[in-house]
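**Q** build me a model from this:
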Amino acid sequence: MHTVVERELELGLVLSPERSVPVPARLTYRTNDPYAVHVTFHVGSDAPVTWTFARELLVEGVFRPCGEGDVRAWPVKVDGRSLVCMALDSPDGEALLEAPATAVSAWLERTLRVVPPGAEQGYLGLDKGLSELFAMASRDEPRPGGESSGWSPDDSPEPGA
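**A** Numbers count the residues shown, from 1 in each chain. Okay, the predicted model is just below:
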């Protein structure tokens, strides 16, 4: 079982230095994808638009400019309000969004309590996956008397068949 930490909030889509429009969004963090955050925008289309990027990038972006390429984040003050800006770039276009820093920080703190920084690897399920893989491999080893419980080279098709 995994834990999900979500937060609905309104972001501002910056159209110009003087104008932005509100965009409903959902921030989502899942312990079964512990390195990532998901931001889903409800932009009035048939399907919402979701961006996925590193949680660490957003954590750092609350305090200082960070990111390269498709996603960048940085803090800013506008009219006395603390905001986190996110610049998103894709082949379909670019967007500059502003989010209330207090809301983003509170949500990030919840994710960091669920999975502390540096503990992400323990939530990937690698140990369980490897155990299952090794268990499957041990079932395929030859049994006493020469029988095998799994696939054998004799089961392969003839070359050119």
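**Q** where does this structure dip in pLDDT?
**A** Confidence mapping of the chain against pLDDT under 70 gives the ranges 125-133, 138-161.
**Q** residue contacts, the residue most central in space within the chain?
**A** Centroid check for the chain by CA atoms, centre = their mean gives Ala36 as the closest residue, at 2.5 Å. Contacts for Ala36 (CB atoms under 8 Å, 6 or more residues apart in numbering) come out as 29-30, 52-55. Just so you know, the C-beta spots here come from the backbone N, C-alpha and C atoms, and that holds for glycine as well.
**Q** okay, now Ala47: neighbour count?
**A** Ala47 has 8 neighbouring residues, counting by other CB atoms under 10 Å.
**Q** Gly44 too?
**A** When neighbours are counted by other CB under 10 Å, Gly44 comes out with 8.
**Q** can you show me the strands along the protein?
**A** Applying DSSP state E to the chain gives strands spanning 4-16, 19-30, 36-41, 49-54, 71-78, 81-90, 93-100.
**Q** need those in CSV with distance to Arg113, can you?
**A** What follows is those, written out as CSV (distance: least, CB to CB, whole Å):
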stretch, distance to Arg113
strand 4-16, 9
strand 19-30, 11
strand 36-41, 15
strand 49-54, 18
strand 71-78, 21
strand 81-90, 19
strand 93-100, 20
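**Q** many thanks, I have nothing further to ask.
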